[in-house]
Each structure stands twice: as structure tokens, then as C-alpha cells.
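Enquirer: make a model of this:
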Amino acid sequence: MRIRRKTREVGEIPLASTADIAFLLIVFYLAASALLEFHGITIPLPRADAPPMQILRENIFRIKISPAGEYVYNNGTVPLEELQEILREARSSNPDLVVVVRVSPDAPSETVPALVARLHDENIRRVSIGMERGR
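Expert: Below you'll find the predicted structure:
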């Protein structure tokens, strides 16, 4: 007596519509991305041939951003909301105010845009942003 082997059918997933689905997803993402609006802060940069600015010491407002992401003003840590009030008062008393921001290389990346947005809210346009030297 001979034993017959059962032939198993190999299961297949139909792939005929995969290209259609991929095409529809690409069209959807292209259409969705066209509807998105990106809001940013425009920062005017000086021209390459512009002479260096002459700034008086009494017009300089220094802010430091620590590695922990804290805003330091006058050697003390200040919350961002309080710093905005201090900036508002300084701007009202000195219209030629220049804000100098020194950022630690280890500071969280969201601290600088948050500060720049507050400066923008207070209509402070003369800003210098730089990194601290060394680590």
C-alpha cells in the first residue's frame, strides 16, 4: 500500500493592489502637505557689506541660557514670563535696547525659539544670539 503525500498549498497574499494603494498614499500625503502652513519667525540679517554696529554699553541687555535651559539675568535664574516683563520695562525705558543672548551648547533646543518669540512679542528687533565658548 502506497501512502500519498499531501501537497500543501503555499499561502499567498495578493499583491496586485499594493501599487495602487502606495500611489493613493503618495497622492494623499502630497495633497495634505500642500495644505499645511508653516509659521516661523523671520529674522532679518545684516548685509555682508554693512559696517559693524556701534553699541553703547548702557544699551546692552545680557541674557544667558544655562545647560539646564534656565534663563539667567543679572547672575540670577529668571522664569521666561518674568524675563518678558523685565524686557518690557527695559525696552520702555531704553528704545535703543540691544539684547545679547549667550546660549550654552548643552541647553535644550526649545529654549532659544521660546525666548526669540518673547522678544518678537515685545517688538525687540535688535538681538544678538551666540554660543558660549568651550564646554
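Enquirer: show me where pLDDT drops low in this structure?
Expert: Along the chain, the parts satisfying pLDDT under 70 run over 1, 41, 134-135.
Enquirer: what about the helices in it?
Expert: With DSSP state H as the criterion, the chain has helices at 18-35, 80-93, 111-121.
Enquirer: let's have those helices in CSV, adding mean neighbour count and distance to residue 10.
Expert: Backbone N, C-alpha and C define where each C-beta goes, glycine included. Shown next, in CSV, are the helices of the chain (neighbours: other Cβ atoms under 10 Å; distance: least, Cβ to Cβ, whole Å):
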stretch, mean neighbour count, distance to residue 10
helix 18-35, 9, 18
helix 80-93, 14, 63
helix 111-121, 16, 55
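Enquirer: can you put these in JSON lines and add distance to residue 101?
Expert: Formatted as JSON lines, these follow (distance: least, Cβ to Cβ, whole Å):
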{"stretch": "helix 18-35", "distance to residue 101": "33"}
{"stretch": "helix 80-93", "distance to residue 101": "11"}
{"stretch": "helix 111-121", "distance to residue 101": "7"}
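Enquirer: wait, which of those is closest to residue 73?
Expert: With Cβ to Cβ as the measure, helix 80-93 is the member of those nearest residue 73 (6.2 Å).
Enquirer: between helix 111-121 and that closest one, find me the angle.
Expert: Following axes from the mean of the first three to the mean of the last three Cα atoms, to 10 degrees, one obtains 40 degrees for the angle between helix 80-93 and helix 111-121.
Enquirer: show me what helix 80-93 is packed against.
Expert: Applying 3 or more Cβ pairs under 8 Å, 6 or more residues apart in numbering; DSSP states H and E, we find helix 80-93 packed against strand 60-65, strand 71-73, helix 111-121.
Enquirer: make a markdown table out of those and add distance to residue 52.
Expert: A markdown table is the format used below for the helices and strands packed on helix 80-93 (distance: least, Cβ to Cβ, whole Å):
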| stretch | distance to residue 52 |
| --- | --- |
| strand 60-65 | 15 |
| strand 71-73 | 26 |
| helix 111-121 | 22 |
